[in-house]
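Undergrad: Quick one: sequence and predicted model below, then my questions.
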Amino acid sequence: MGRPKGGAAETSKKPKAKPKQRGGVDFKKYKHKVGRKLPPPKNTTNTEIKSKMIVLPEQSMASERAGMAVNKRGLTLRELLQQTVHYNPKVRRAALNGIKDLVTKHPAELKLHKVAMIEKLQERICDSDKVVRESLYTILQSLIFPSLKEDNAISTRSTLSLLMANVLNGMTHLSMDIQLMAFRFLELVVLNFPSSFPRYAEQAFNNFVAVLSNDRIHLQDKSKLNSVLAGLGHCLSLVARATENDDASDRPVHNLSAKELWKPTLDEDNSGSSTFVTSDVLTKLQNLIQILVNSIEVSASEVCAKPANDAPSSEALLSALHCLDLIFRTFVREAKKPQMEFGRTKTLYGPDWLNSSVLVYLKKLWGVKRLFHEKGDDRFFIFNLKIAEIFLCLRTSVDDTLFSSEELCQFVSSLFSKAKVLRNKDLMETHLGPLITCIPGLISNAADDSKGYLLEAFTDAFRDSNVDCKLILPYLDAVGEMLLPLNISEYHSTWINELPGILLQSVDKAPTVTKVVLELLLRIGQYFPTLECENLRPIAQLFGTKSSSGTVELGPFICLPHDCQELAIACLYYFSNLLPDIIEPLACCCLSDKLEPLILFRIVEVLQSTYKAGNLQITEQLSFLSLLMARFDVNRGMACTLEDAQKISNWNTFKALNHLILTSLSEMGDGSLVLELIWNNLSNEIARKPSPHNINGLFRIIVTLDAATNKLMDEDVIKLIAGYLVDAARDLSKTIEVGFQSDKTRLFQYFIKPCRIMFEQNDKLLCSTLEMLKSFASGNDHIFSSVSNLDYPRELSQRVCIVTTILVFLCNDQRLHRNLSLNKIVIKGILHYIRHQMDSNVSDVTYGEKQTLKFAFEQLKTKALQLNCWDRSELEGLSSTT
């Protein structure tokens, strides 16, 4: 076996040393102790930052805006207006919302800067962002335009000119959305400022023609077409109104109706609106006719083809029919104008043009009408209503070879029949009204054999209409136009018979209808003075109804407005046959505190005029006048001064009524004969024991008619006169010892005046009255209980003072001295009685009462001596010494 290679010699060899690396010298390495801080290097940069706080007062944005008007984001109006032109639509939206917020919080900013706002915001009409345009529309509608209306017309016109320039620019924009939005802005301007439209009418209608001729608008959403047609409708209504005003101004005043004569004038916004109906504008309207008729044909086919109700399409069709109706009305009025006027050439749109050009379009409409007539839905009924309205507008201006009046009457009659079964009553009330107003003209021009079924259909519809229905006023207007002063037909009688029921139902439900019915009844009374009023007797319920117990319950006449009350009273003159049923309830109305004095006086005047015309019995008139005089409620009793009495609300009213009644009685003929006729009424009222105020009125009636009548010698009448004088003097007699007060004296003289006149004319009446007063003074305090409900004083001194007061005032009147002298025995008897009561032997009279009796005795004795009818010896025994 061989020995291994190597061996000890091999293992003893040492490893070879590494060769030294050539090159630069390494950095010297230092050995540092743990925890020792190293010194900074020599090439280190100092990065330490030192700062100090600097305080500058009043440098915040909030303090700079203190007191300024800002929105919730803290922006002023100027900053917000600047942001409205920002390139980012979101910023523009936020700016418009900020403007709305700021103006709402600070209305003064809008008032001061609305012109600057319009100048800046009008650029957003053609904004590319839809939200921005809608926000601008809202701001103009709700904030800027209402404030702009308060400015004067000149500043408003200059401000709107800037806005309208951008509106017209937007109407020709390449973007369809911006075009349609511009038409909405135009509609907004027209609604708020009608007077601004004439200057832009031609351009506006030119743009309407352009946009409606574009097929894209018909293919897009129908709501956009509706927006354009709505704006067109408002513009056309201004044109139609302008031609109507021109037509009214050309008519002589004597040809205008009373309603038109009293029609209020147009305001400043509408002034000058008739200056823009030029030939250029009419040319644009002619172009619109063809466009609208074609649109109606297409829309009608689409609506009829769709099984379900397409609301936008139906609304577009109805708007187009409305616009077409307005255009035709404009041309009809234009054709009726004089063809040759000073300084004006002959118009191109005369009757010949209207007759030749419109027939083509009417043929198409007649075909559309037949298409709708076959359908049973409510919406098709509304379409036919508008078509019928168009045909009725043109019936007198075009040749009727296309459609006869009989066929048109049948068409309209079918519409009235259809209206009965219409499910949507609100829709019917909205659209049937214009058709009703055309009925009088259609009937007046239709042949007798073709108007019968139309009158029948109209009468049935009128009879079925409710008082609170919107159609009741058009029905009443149509009835008023057809009720001419001619022979009344059966339809006229039916219409008249329906009026009392409508009147009574409308008082609570529809006050405006009440006035219209009363006006119509007044016209009927004027046109048909011999009308049979049997079916009009329910009108009496307007004033009141008489119950089974005999009492009268007041009707709604008391609560009617003043003008309605005037109309109702005027109707009484023409429907005098109803007065026997109305006279008593009418008198109760006159006695009500709720009735105004002017209406009360008017009733008396109308009834007096009716009596003078021979339409009211004298007994009924006398009964009415005596009832008012005896039962008119004034203050009870007379314990107040004249000034206090005048403060009572109805004191002056009663005095005026008193004068009016006496004037009416004096106009009736011989006073003694009239008193003979009215005496039973006066006696009955006296038996009711009326108040002293009313007795004064009854006495004045007697004095006015015949103060010397022997009917006053009745014992009850004498008791009434004496008791009346006692009650009148009761309050005044309390001051007999200190002197009569002037205000109470004037009041007593007012009440004693009719008695003084009766005593002057009838000495026997004076004698009997003095005897009654003597009995009262002597203690018979029950003597007046049968004629009065008042309580009379029981004390002797009070009774003597009352009688003395009466005699003193009678003696003060020189005209009564003769009759008083004839009755000096009674006066002497009263003096003897007073003297006897003053005797010291009478124990029932106290010392204080004796002093009062002494003063009254001296007063009466002094006045009695002034009669110059006494001998000195007759009064020698009468001494006041006790």
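TA: Ah, there it is.
Undergrad: Now find how far off-centre the helix or strand where L572 lies is within its chain.
TA: In the assignment (DSSP states H and E), L572 maps to helix 562-574. Here helix 562-574 is found 19 Å from its chain centre; the criterion is CA atoms, centre = their mean, to the nearest Å.
Undergrad: Just the buried residues of it, please?
TA: C564, Q565, E566, L567, A568, I569, A570, C571, L572, Y573, Y574 (16 or more other CB atoms under 10 Å). The way it works is simple: take the backbone N, C-alpha and C, and place the C-beta from them, glycine included.
Undergrad: where's the third one relative to L572, distance?
TA: Think E566. 11 Å (CB to CB, to the nearest Å).
Undergrad: next one: the second one
TA: Computed as CB to CB, the Q565 to L572 distance reads 11 Å.
Undergrad: Then D280?
TA: D280 sits 58 Å away from L572, taking CB to CB as the criterion.
Undergrad: again with M668
TA: 19 Å.
Undergrad: now swap in K515 and tell me
TA: 17 Å.
Undergrad: Same check on H322?
TA: 45 Å.
Undergrad: Repeat that for C588.
TA: Separation of C588 from L572 (CB to CB) stands at 15 Å.
Undergrad: In this protein, where's the longest helix?
TA: If you go by DSSP state H, the chain has its longest helix at helix 222-250.
Undergrad: Would you mark the buried spots in that helix?
TA: For helix 222-250, a neighbour-count test (16+ other CB under 10 Å) marks 222, 224-243, 245 as buried.
Undergrad: now do stretch 541-549
TA: Neighbour counts over stretch 541-549 (16+ other CB under 10 Å) mark Q541, L542, F543, G544 as buried.
Undergrad: In CSV, list the C-alpha atoms belonging to it.
TA: The C-alpha trace of stretch 541-549 is given here as CSV (Å, rounded to 0.1, in the frame of the first residue of the first chain):
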residue,chain,number,x,y,z
GLN,A,541,-138.6,86.1,0.5
LEU,A,542,-135.6,88.4,-0.1
PHE,A,543,-137.1,90.8,2.3
GLY,A,544,-138.7,88.4,4.8
THR,A,545,-141.2,85.6,5.4
LYS,A,546,-144.3,85.6,7.6
SER,A,547,-144.5,82.6,9.9
SER,A,548,-147.7,80.8,10.9
SER,A,549,-147.8,82.7,14.2
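Undergrad: average model confidence for that stretch?
TA: For stretch 541-549, the mean per-residue pLDDT is 85.
Undergrad: The helix holding L572 packs against which elements?
TA: Helix 562-574 sits against helix 511-527, helix 579-590, helix 597-612, with contacts defined as 3 or more CB pairs under 8 Å, 6 or more residues apart in numbering; DSSP states H and E.
Undergrad: could you check the angle helix 511-527 makes with that helix?
TA: Here the directions of helix 562-574 and helix 511-527 differ by 30 degrees (axes from the mean of the first three to the mean of the last three CA atoms, to 10 degrees).
Undergrad: Not counting helix 562-574 itself, show me its contacts.
TA: Contact with helix 562-574 is made by 511, 514-515, 518-519, 521-522, 524-526, 529, 539, 542-543, 557, 560, 578-579, 582, 586, 596, 598-599, 602-603, 606-607, 609-610, 613, 615, as judged by CB atoms under 8 Å, 6 or more residues apart in numbering.
Undergrad: Skipping its backbone neighbours, what lies nearest the most centrally placed residue in the chain in space?
TA: The centroid of the chain falls nearest to T512 when counting by CA atoms, centre = their mean (8.7 Å). Once flanking residues are discounted, T512 sits nearest to L473: 7.2 Å by CB to CB, 6 or more residues apart in numbering.
Undergrad: my read: the one you found touches V516, true?
TA: Yes: when contacts are counted by CB atoms under 8 Å, L473 is listed as touching V516 (6.2 Å).
Undergrad: who has more neighbours, those two?
TA: V516 (22 against 16; other CB atoms under 10 Å).
Undergrad: which residues touch that one?
TA: L473, L476, D477.
Undergrad: Now flag whichever of those is closest to A687.
TA: Nearest to A687 among these: L476, at 48.0 Å, using CB to CB.
Undergrad: helix, strand or coil for that closest one?
TA: Here L476 is recorded as helix under DSSP: H, G, I helix; E, B strand; the rest coil.
Undergrad: That one reaches L518, doesn't it?
TA: No: between L476 and L518 there is no contact under CB under 8 Å: 10.7 Å.
Undergrad: For the stretch 151-300 of the chain, give me the ranges with low pLDDT.
TA: Counting by pLDDT under 70, the stretch 151-300 of the chain shows low-confidence ranges at 152-155, 218-221, 245-277.
Undergrad: Repeat the analysis, applying 50 as the threshold.
TA: Residues of the stretch 151-300 of the chain meeting the criterion pLDDT under 50: 249-274.
Undergrad: swap in the stretch 301-450 of the chain?
TA: Residue ranges of the stretch 301-450 of the chain with pLDDT under 50: 340-345.
Undergrad: what are the ranges of the strands in it?
TA: Ranges of strands in the stretch 301-450 of the chain, per DSSP state E, counting those that start in this stretch: none exist.
Undergrad: The chain now?
TA: Counting by DSSP state E, the chain has strands at residues 544-546, 552-554.
Undergrad: any chance of those in CSV, with distance to F699 too?
TA: Below are the strands of the chain laid out as CSV (distance: least, CB to CB, whole Å):
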stretch, distance to F699
strand 544-546, 29
strand 552-554, 27
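Undergrad: Looking at those strands, spot the one closest to N424.
TA: That would be strand 544-546 among the strands of the chain, by CB to CB, at 38.8 Å.
Undergrad: same for that closest one, what does it pack against?
TA: In terms of contacts (3+ CB pairs under 8 Å, 6+ apart), strand 544-546 is packed against strand 552-554, helix 579-590.
Undergrad: Would you mind listing the outside residues contacting that strand?
TA: So strand 544-546 is in contact with V552, E553, L554, G555, F557, E584, P585, L586, C588, C589, going by CB under 8 Å, 6+ apart.
Undergrad: Adjacent strands (with direction) for it?
TA: Strand 544-546 has the following sheet partners, assigned by DSSP bridges: strand 552-554 (antiparallel).
Undergrad: If you count neighbours, what's buried in the partner strand?
TA: Those would be V552, L554, for strand 552-554 by 16+ other CB under 10 Å.
Undergrad: what about L212, neighbour count?
TA: 22.
Undergrad: Can you give me every residue that contacts it?
TA: Under the criterion of CB under 8 Å, 6+ apart, the neighbours of L212 are V228, L232, L288, I291, L292, S295.
Undergrad: now A707
TA: Per CB under 8 Å, 6+ apart, neighbours of A707: I757, M758, E760, Q761, N762.
Undergrad: The last one - nearest residue in space that isn't next to it in sequence?
TA: Pointing back at N762 there. Of all residues not flanking N762 in the chain, A708 sits nearest, at 5.5 Å (CB to CB, 6+ apart).
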